[in-house]
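1. Structure, please.
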Amino acid sequence: MATLHVPVLLSEVVEALAVKSGRRYLDGTAGGGGHSEAILKASEPDGRVLALDRDPAAVERVRNRLRAWGDRVTVVQSNFSELETCAKRWGFDNLDGILLDLGLSSDQLSERKRGFSFQEDGPLDMRMNPSDSVCAADLVNRSEEGELSELLWQLGEERDSRRIAAAIVQDRDDHPFETTAELASLVARVKGNRRRGRIHPATKTFQALRMRVNREMESLEQGLDAAMQVVRPGGRVAVITFHSLEDRMVKQAFRRHAGRMVSLPEGGERWEGRLPKMRRITRKPITASQAELESNPRARSAKLRVVERVND
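-> Down below sits the predicted model:
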């Protein structure tokens, strides 16, 4: 099963992680396997990679793609929120580098039956792991109006959240929402088919539902904390975000662990922050080059932030 996914910021990730031979790395969002493969190449002849993904279809694709690398790569179906447990179980504790790429893969978007995209009609699903119990249709058809409105506002930053929630509740009484086209059409109608450039009116609504279905912010919080615990002193944690909510959480987490020096009343100063102590490698996020944007427009909103663990 071939992948359609083109990894973003590929060379930037390898450079940011300071990949070297003989080291051990964890790719918490294997996707199409592109980042994992680049790390394996850069760490030849004996670097190792533990690649995780919650999507079983992605795991199968990555295993097929990286089969030639033999025991240098281990591919496991798991949410990166559990990366500490996985690292210990598979012999990857004290890692030299960890990558989290928080974007949806092109493979997921292209599968109509997964329900991630409104470009083609499909079931209103959005589960990254199809065995999870709650899908997007469940949220749309069962949530109270106030819950829906809050969801769209908090996770989608949708200004018309109240009007969209009210319209959903009114329409679902006659016919529950089952497909992506049905929901996208309603949101477009409520918003007067207003587009921001190339952005579809339903983009923020779909983002919010996907994030809640997959508990993405909770997973990110847990994954960031675990990554900074598992990486060894001198090792690095790199995170690629695609929207403001994710980027804000990453930036704040990195800032807390970078800490700051505070002057003491009796003289001198001390460090205050959350352990383990990290050093910010990127003060400002790394973004895609013009050449990459021209070949892969999906990279336009990608931001890469990196920290390095130091001795406490």
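2. does Met261 sit in a helix or strand, and which one?
-> strand 260-263 (DSSP states H and E).
3. again, but for Val237
-> strand 231-241.
4. counting contacts, what elements does that strand pack onto?
-> Secondary-structure packing of strand 231-241 (3 or more C-beta pairs under 8 Å, 6 or more residues apart in numbering; DSSP states H and E): helix 10-16, strand 95-101, helix 216-230, helix 244-258, strand 303-309. For the C-beta atoms, the positions are set from N, CA and C on the backbone; glycine is no exception.
5. so where is the stretch 101-250 of the chain shaky, pLDDT-wise?
-> Counting by pLDDT under 70, the ranges of the stretch 101-250 of the chain that qualify are 194-198.
6. Pull out the buried positions in stretch 247-265.
-> Buried residues in stretch 247-265, defined by neighbour count with 16 or more other C-beta atoms under 10 Å: 247, 249-251, 253-254, 256-259.
7. okay, the residues you listed in TSV with distance to Arg159 next?
-> Formatted as TSV, the buried residues of stretch 247-265 follow (distance: C-beta to C-beta, whole Å):
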residue	distance to Arg159
Asp247	20
Met249	21
Val250	24
Lys251	23
Ala253	27
Phe254	29
Arg256	30
His257	33
Ala258	33
Gly259	36
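8. need the helices and strands packed on strand 231-241 in TSV with distance to Arg172, can you?
-> Shown next, in TSV, are those (distance: least, C-beta to C-beta, whole Å):
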stretch	distance to Arg172
helix 10-16	42
strand 95-101	35
helix 216-230	24
helix 244-258	26
strand 303-309	36
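9. Of those, flag the one that's most buried.
-> Neighbour counts (mean count of other C-beta atoms under 10 Å) averaged over each of the helices and strands packed on strand 231-241 peak at strand 95-101, with a mean of 26.
10. Adjacent strands (with direction) for it?
-> Counting by DSSP bridges, the strands paired with strand 95-101 are strand 24-27 (parallel), strand 231-241 (parallel).
11. That strand: what's the following helix or strand?
-> helix 106-110.
12. circling back: how far does the strand holding Val237 sit from its chain's centre?
-> On the basis of C-alpha atoms, centre = their mean, to the nearest Å, strand 231-241 sits 15 Å off its chain's mean C-alpha point.
13. And the helices and strands packed on strand 231-241: which comes nearest Leu50?
-> Smallest distance to Leu50 across the helices and strands packed on strand 231-241 (C-beta to C-beta): 8.1 Å, for strand 95-101.
14. Deepest in the core, which of the strands paired with strand 95-101 is it.
-> Buried most deeply of the strands paired with strand 95-101, by mean count of other C-beta under 10 Å, is strand 24-27, with a mean of 28.
15. Ok, which of the helices and strands packed on strand 231-241 comes nearest Asp160?
-> Of all the helices and strands packed on strand 231-241, helix 244-258 comes closest under C-beta to C-beta, at 17.7 Å.
16. so how far is Ala299 from the residue most central in space within the chain?
-> In the chain, the residue lying closest to the centroid (C-alpha atoms, centre = their mean) is Leu102, at 1.6 Å. The spacing between Leu102 and Ala299, counted by C-beta to C-beta, to the nearest Å, is 13 Å.
17. And this protein, what are its domain boundaries?
-> Domain assignment for the chain, taken from automatic domain parsing, gives 10-107+216-309, 133-213.
18. Please produce a markdown table containing these, extended by distance to Arg114.
-> Shown next, in a markdown table, are those (distance: least, C-beta to C-beta, whole Å):
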| stretch | distance to Arg114 |
| --- | --- |
| domain 10-107+216-309 | 9 |
| domain 133-213 | 10 |
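19. Among those domains, which comes closest to Phe118?
-> domain 133-213 (3.7 Å).
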